[in-house]
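Asks: Would you be able to build a 3D model of this:
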Amino acid sequence: MDQQPNNNSIPVKIKKKIVVKKSRAAGKKKKITKESYVKKQALSNDNIKPAKRGLLAAVMAVITVAAIVGIGIFVWQKEVIKKNVGEVKKEADSSKIDFENRLLNLKDKLTGVESENTELKTTNEELKEKVELLAIAKMEFSNSELGIAFEYPAILGEVNLSISDEEGGKKFIGRFSNNDKLIFGGVSADYGKSGATTSAAFIDALGFSKKKGKYYYRSPSADYEIQPANIIKLGNGEALIVDKNSFGDKEQNAGIGEDIGALFNLNNKDFSGLVFLNQDLGRLSLIDFGAMLETMEIK
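Replies: Sure thing, here's the model as predicted:
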């Protein structure tokens, strides 16, 4: 029987031929790669066109010019900066001098203001002291014809007293120069009886009377029972403080309205009484009003 050929029995010579062939091919491939690279480099150098070379030269020229111009601009800017710095320094020095002068002027003004302020403070303190002294200062009014004397706050000013003989009788009225809301007055018993005058004011009174423990407001036309709001004790008598409530529910309240009044009796042949009327407690408080009434002397 014939034997089948065995692959392992391939001659060694054939295997060596294949190996040699592969090695040559590999060597040939390396040779071709090197030649191609050299050839490509040669072609690259040969293919640079004159136009591209000219453009490159132009670009280099522009760069050179730009560098020269840049240097020139730098030098120019440096000179300008030096000049500007000098001008700025000069202006700064001038501004500094001007500011110092203004500061000196301001200090002078402040010194003047402080001086004026000190003077104003001194004046204000003096005025304050005068006002305080005026608030507690007292003045005295006396009249021998009426037979009265009393003290009052100096802040009320001077007292102007007028006594008149009218066709219907006699009347007196006193006013204060600094407070026209405070008045005092009285009338004679025959005042208004002739019909020439009409008695309607609270101060047109004859004083008050006291009967069996009751008090009465007296006027030339009629007497009205009253309930005094307060009674002031005097050295030789008393005085009554009254308001609208002192007259009760009667329609007739002697014209006192919302004001505060005071009644005194006098020792006078013509005038038997005196009446005060305070029409503004904001200008003369009830306390100060009462303190003034307490100083009344009936002579």
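
Asks: can you map out the strands along this protein?
Replies: 138-143, 148-153, 159-166, 169-176, 179-187, 207-211, 214-218, 223-226, 230-234, 237-242, 260-265, 273-278, 297-298 (DSSP state E).

Asks: any idea of the mean pLDDT for stretch 74-84?
Replies: If you average the pLDDT over stretch 74-84, you get 67.

Asks: Out of the strands of the chain, flag the one nearest residue 291.
Replies: Nearest of the strands of the chain to residue 291, taken as C-beta to C-beta: strand 148-153 at 8.6 Å. Where you see a C-beta, it was placed from the backbone N, CA and C, and this is true even at glycine.

Asks: For the closest one, list every residue counted as buried.
Replies: Buried positions in strand 148-153, judged by neighbour count with 16 or more other C-beta atoms under 10 Å: 148, 150-153.

Asks: Which member of those is positioned nearest residue 117?
Replies: When the buried residues of strand 148-153 are ranked by distance to residue 117 (C-beta to C-beta), residue 153 comes first, at 32.6 Å.

Asks: Not counting residues beside it along the chain, what's closest to the closest one?
Replies: Nearest non-adjacent residue to residue 153, counting by C-beta to C-beta, 6 or more residues apart in numbering: residue 288, 6.2 Å away.

Asks: confidence score at the one you found?
Replies: 94.

Asks: ok, which stretches of this structure are helices?
Replies: Here the chain has its helices, by DSSP state H, at 12-46, 50-136, 286-293.

Asks: Could you list the domains of the protein?
Replies: Domains of the chain are assigned by automatic domain parsing as 12-46, 48-136, 138-298.

Asks: Give me whichever of the ones you listed is most buried.
Replies: domain 138-298 (a mean of 17; mean count of other C-beta atoms under 10 Å).

Asks: how long is that one end to end?
Replies: Counting by C-alpha to C-alpha, to the nearest Å, you get 19 Å between the two ends of domain 138-298.

Asks: what do you get for stretch 280-299?
Replies: Start-to-end, stretch 280-299 (C-alpha to C-alpha) is 29 Å.

Asks: Residues touching it, excluding its own?
Replies: Here stretch 280-299 makes contact (C-beta atoms under 8 Å, 6 or more residues apart in numbering) with 144, 147-153, 156, 179, 181-182, 230, 232, 234-237, 239, 241, 260, 262, 264-267, 276, 278.

Asks: picking up where we left off before, turn the strands of the chain into TSV, including distance to residue 103.
Replies: TSV is the format used below for the strands of the chain (distance: least, C-beta to C-beta, whole Å):
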stretch	distance to residue 103
strand 138-143	55
strand 148-153	52
strand 159-166	59
strand 169-176	56
strand 179-187	53
strand 207-211	76
strand 214-218	76
strand 223-226	76
strand 230-234	68
strand 237-242	67
strand 260-265	63
strand 273-278	60
strand 297-298	68
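
Asks: and those as TSV, adding distance to residue 97 and mean pLDDT?
Replies: Converted to TSV, the strands of the chain look like this (distance: least, C-beta to C-beta, whole Å; pLDDT from 0 to 100):
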stretch	distance to residue 97	mean pLDDT
strand 138-143	64	95
strand 148-153	62	96
strand 159-166	68	93
strand 169-176	65	95
strand 179-187	62	96
strand 207-211	85	95
strand 214-218	86	95
strand 223-226	86	90
strand 230-234	78	94
strand 237-242	77	94
strand 260-265	72	97
strand 273-278	69	97
strand 297-298	78	94
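
Asks: Please name whichever of these is nearest to residue 125.
Replies: Across the strands of the chain, closest to residue 125 is strand 148-153 (C-beta to C-beta), at 22.2 Å.

Asks: Counting by contacts, list what the closest one packs against.
Replies: strand 138-143, helix 286-293, strand 297-298 (3 or more C-beta pairs under 8 Å, 6 or more residues apart in numbering; DSSP states H and E).

Asks: For these, give me TSV that also has distance to residue 167.
Replies: Output for the helices and strands packed on strand 148-153, formatted as TSV (distance: least, C-beta to C-beta, whole Å):
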stretch	distance to residue 167
strand 138-143	24
helix 286-293	32
strand 297-298	29
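
Asks: who wins for proximity to residue 207 among those?
Replies: strand 297-298 (10.5 Å).

Asks: partners of that closest one, with directions?
Replies: Sheet pairing of strand 297-298 (DSSP bridges) gives strand 148-153 (antiparallel).

Asks: So which residues make contact with the partner strand?
Replies: So strand 148-153 is in contact with 135, 137-143, 159, 176, 264, 266, 274, 284, 288, 292-293, 295-299, going by C-beta under 8 Å, 6+ apart.
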